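# Okay, here's the prediction I keep looking at, along with the sequence it came from:
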Amino acid sequence: MREVLALDPVRHGAPRLVAGEVGLDRRVRWVHVAEVPDIATLLGGGELVLTTGIGLPGDDAGLRAFIGDLAGVGVSGLVVELGRRYLDGVPRVMIAAAERHNLPLVELRRATPFVRITEAVHALIVDAQLTELRATEEIHQRFTELSVEGAEPGEVVRQAAELSGCPVVLENLSRQVLAYDPAGESAELLLDGWEQHSRRIRPEGRTTYDADRGWLVTMVGARGQDWGRLLLRWPPGGDLPGGQSVSAGGRPAPVSAPGQVASAPPGRGGSFSAAPTRLTILVERAASTLALGRLIRRDAEGLERQIHRTLLTALLDHSWPVDEVALRARALGVVLERRHLIGVVVRHRADDPAGSGPLIEPGPPGEALDTVSDAGSARLRDLAEAVGQALREANLTGLTSALDDQTVGVLLALPDTVAEERALSAFAAALRRSRPDPHTRPGTWTPGLLVAAGSGVGSLREARRSLIEARQVADAARRDRRDLPIFRLPHVGLAGLLHLLRDEPRVQTFVERQLGALLAYDAQHPREQLLGTLRAYLEQGRNKSAAAAAAHLSRPAFYERLARIGRILDADLDAVDACLSLHVALLALDAIRTP
């Protein structure tokens with residue numbers, strides 16, 4: 001409406017706003033000329049209505065009803081040309097009714113052909129639509145290029161912030177920030193207390209706008225597996241995680257074409273009921289690019305090693321039938337049928353000087369922490385080669401390849417179960433010889449490498465279980481200081497397994513399902529922190545007296561808090577199975593929050 005009042009044909013009519021100033025930022029979708037009182041039934045909302053008033057009711061009740069009907073269907077404003085029906089001004093009853101409904105009411109004190117106003121406004125709307133189309137095309141082109149180039153998450157987030165002029169945050173399902181770009185604002189303010197702030201943003205639907213918090217949110221994932229959320233703050237300069245509010249001055253203007261003005265005015269304390277369409281398209285394209293990038297895996301291995309990796313991957317994700325995997329493996333000289341199969345994983349320990357550096361190099365502020373450096377890739381290739389050499393020295397056969405950015409996997413194929421321990425020992429010894437530690441005497445175990453093995457299985461259909469178990473054991477034991485040549489499942493506990501699974505979306509979903517309501521409550525009531533009360537209760541074996549003492553609370557206060565936790569979680573805290581689930585979720589949450 002503000003833009004309409006500034007148009008030359010409207011200004012020629014000497015416009016005067018007599019009511020509804022707070023509604024001047026309403027979006028004008030179309031212009032309609034009407035001279036009948038029951039026009040509201042023919043409108044769909046967003047129209048600017050032009051009239052001379054000659055057909056309007058003559059009584060006050062009829063005028064109030066006319067204004068009320070227009071406001072009810074959501075028109076953007078009403079323009080009345082004086083001189084035909086009303087000479088000096090519109091009736092006061094119309095002004096009062098329009099003010100009550102926040103409906104902009106404008107008098108034209110000079111005769112103006114309505115067709116000129118209609119042409120000017122419609123031209124403005126069409127220009128806005130063309131601008132929106134051009135902007136949308138730019139978004140699609142930019143993110144298509146990023147997808148083809150295999151851009152890292154940090155770069156995708158940076159481009160989204162640049163195109164929108166708004167702060168953008170990529171988080172995982174546990175509300176931990178993976179990448180961000182503050183778009184010129186303070187990164188410290190943006191990320192301060194992020195988890196609690198993010199938990200207050202609870203939109204409905206895959207892509208939606210949380211008007212109360214001012215965040216446009218979309219899920220990130222592919223193949224039915226969501227692993228994060230992408231959030232864009234609209235308008236920029238709104239509420240920050242800590243409850244602060246910042247000015248939009250000095251920052252790139254957020255994208256919104258003319259005619260795409262949100263439904264409420266910007267500014268401190270203002271709110272928007274929807275984000276511009278272009279921003280919705282932008283976050284969805286950015287999320288698709290992020291999801292696609294996660295699926296892309298690039299390596300510089302030889303053809304044979306690539307085939308090994310393809311076969312191991314096929315076993316892990318069930319992408320090929322087991323018989324086809326066996327057939328292709330046999331063509332490589334690795335017989336998997338009627339063999340005793342053992343999954344083995346080799347990786348650097350967390351404190352290994354040779355393997356630190358680390359495999360994951362920190363990037364610039366805001367870049368995701370999963371960017372593999374060239375040096376890290378070289379170390380991984382060296383490790384894969386050492387594993388292959390160890391297999392040859394121990395006269396063992398199997399598939400071997402890098403499983404991810406930090407581990408090398410092996411599927412050993414042995415003639416029978418009797419050979420299991422002997423084969424694993426021979427493999428570990430050969431690996432020890434191929435990777436000597438310069439700080440130890442020859443023949444001693446290299447503390448920098450960690451070898452883990454899963455349970456032996458009797459068929460290729462079960463091989464996936466052994467490989468996954470070996471990877472779980474390896475990740476769980478990476479900080480274990482014991483010098484064991486081979487780590488097996490009995491060597492690690494539940495907390496270790498949960499630690500290695502902390503990035504698994506299904507574990508994060510389990511934590512959210514079990515504890516999400518309580519975490520959201522604590523975010524809304526930071527002084528209470530009921531999660532600590534639940535922790536004390538579970539760690540004390542459901543002994544309420546001991547738990548109250550551990551929490552430094554009186555027993556009545558502790559019991560009251562415990563009852564409130566039960567209501568929030570809709571759980572029976574006296575039931576063993578319910579408490580077991582909550583305890584596992586709490587351990588998983590600790591693992592997720594541990595760097």
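That came through fine.
# Secondary structure element holding the residue positioned nearest the centre of the chain?
Residue closest to the mean C-alpha point of the chain, counted by Cα atoms, centre = their mean, is R229 at 1.1 Å. In this assignment (DSSP states H and E), R229 forms part of strand 225-233.
# mind checking how far stretch 15-28 is from the chain centre?
Put simply, stretch 15-28 sits 38 Å off its chain's centre (Cα atoms, centre = their mean, to the nearest Å).
# where's the residue nearest to the centre of the chain relative to G221, distance?
For R229, the distance to G221 equals 10 Å [Cβ to Cβ, to the nearest Å]. For glycine as for every other residue, the C-beta is placed from the backbone atoms N, C-alpha and C.
# just A548 next, same as before
Taking Cβ to Cβ, one finds A548 at 42 Å from G221.
# out of the two, which sits in the busier spot?
A548 (22 against 18; other Cβ atoms under 10 Å).
# got the contact list for that one?
Listed by Cβ atoms under 8 Å, 6 or more residues apart in numbering, the contact set of A548 reads 536, 554-555, 557-559.
# who does the strand holding R229 touch, helix- and strand-wise?
Packing contacts for strand 225-233, counted by 3 or more Cβ pairs under 8 Å, 6 or more residues apart in numbering; DSSP states H and E, involve helix 153-164, strand 168-172, strand 215-222, helix 277-295, helix 505-524.
# switch the cut-off to 7 Å
With contacts taken as 3 or more Cβ pairs under 7 Å, 6 or more residues apart in numbering; DSSP states H and E, strand 225-233 sits against strand 168-172, strand 215-222, helix 277-295, helix 505-524.
# what mean pLDDT would you report for the next helix or strand after the shortest one?
Sequence-wise, the next helix or strand beyond strand 168-172 is strand 177-181, with elements assigned using DSSP H and E. On average, the pLDDT along strand 177-181 is 86.
# and what of stretch 79-90?
Summarised as a single mean, pLDDT over stretch 79-90 is 90.
# How many neighbouring residues does R432 have?
The number of residues near R432, taken as other Cβ under 10 Å, comes to 20.
# One more: R422?
For R422, the tally of surrounding residues (other Cβ under 10 Å) stands at 11.
# related to what we said a few turns ago, name the nearest of the contacts of A548 relative to M1.
Of all those, M1 sits closest to A557, with 55.7 Å by Cβ to Cβ.
# Look up how far S554 lies from the closest residue to the closest one other than its chain neighbours.
In space, A557 comes closest to A548 once its chain neighbours are excluded; the distance is 7.8 Å by Cβ to Cβ, 6 or more residues apart in numbering. As for A548, its distance to S554 is 7 Å (criterion: Cβ to Cβ).
# Okay, and V346 sits in which element?
Under the criterion DSSP H and E, the helix or strand holding V346 is strand 340-348.
# next structured bit after that strand?
Toward the C-terminal end, the helix or strand that comes next after strand 340-348 (DSSP H and E) is helix 374-393.
# which strands and helices sit next to that following helix?
strand 398-402, strand 407-414, helix 420-434.
# List the buried residues in that helix.
By neighbour count on 16 or more other Cβ atoms under 10 Å, the buried set for helix 374-393 is 376-377, 379-381, 383-384, 386-388, 390-391.
# What is the burial count for L460?
For L460, using other Cβ under 10 Å, the count is 20.
# Same check on V410?
V410: 28 surrounding residues under other Cβ under 10 Å.
# Let me know the pLDDT of it.
95.
# wait, it sits on S401?
No - using Cβ atoms under 7 Å, V410 is not in contact with S401, being 8.5 Å away.
# Domains in the protein, by residue range?
For the chain, the structural domains run 2-112, 138-295, 303-491, 505-593, going by automatic domain parsing.
# a markdown table for the ones you listed, including distance to D127?
Converted to a markdown table, the domains of the chain look like this (distance: least, Cβ to Cβ, whole Å):
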| stretch | distance to D127 |
| --- | --- |
| domain 2-112 | 11 |
| domain 138-295 | 7 |
| domain 303-491 | 35 |
| domain 505-593 | 44 |
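# OK, contacts around R233?
Residues counted as contacts of R233 (Cβ atoms under 7 Å, 6 or more residues apart in numbering) are 166-167, 214-215.
# Which one (most neighbours) among the residues you listed?
Result: C166 is most packed of the contacts of R233 (other Cβ under 10 Å), 33 neighbours.
# I'd like to know how far T289 sits from I139.
Computed as Cβ to Cβ, the T289 to I139 distance reads 11 Å.
# sorry, back to before: quick one: closest of the domains of the chain to V121.
Minimum separation from V121 across those (Cβ to Cβ) falls at domain 2-112, 4.8 Å.
# what's the first-to-last distance across that closest one?
In domain 2-112, first residue to last residue: 18 Å (Cα to Cα, to the nearest Å).
# Check stretch 204-219 too.
Taking Cα to Cα, the first and last residues of stretch 204-219 lie 11 Å apart.
# avg pLDDT for it?
Average pLDDT, stretch 204-219: 89.
# which of the residues in it are buried?
Quick answer for stretch 204-219 (16+ other Cβ under 10 Å): 207-211, 213-219.
# swap in stretch 138-151?
For stretch 138-151, the neighbour count (16+ other Cβ under 10 Å) marks 139, 142-143, 146-147, 151 as buried.
# Which members of these occur in helices, if any?
If you go by DSSP state H, these have 139, 142-143, 146-147 in helices.
# For P505, state which of those is nearest.
Comparing those against P505 with Cβ to Cβ places S147 closest, at 21.4 Å.
# just checking, the closest one touches T289?
Yes - at 5.0 Å, S147 counts as touching T289 under the criterion of Cβ under 7 Å.
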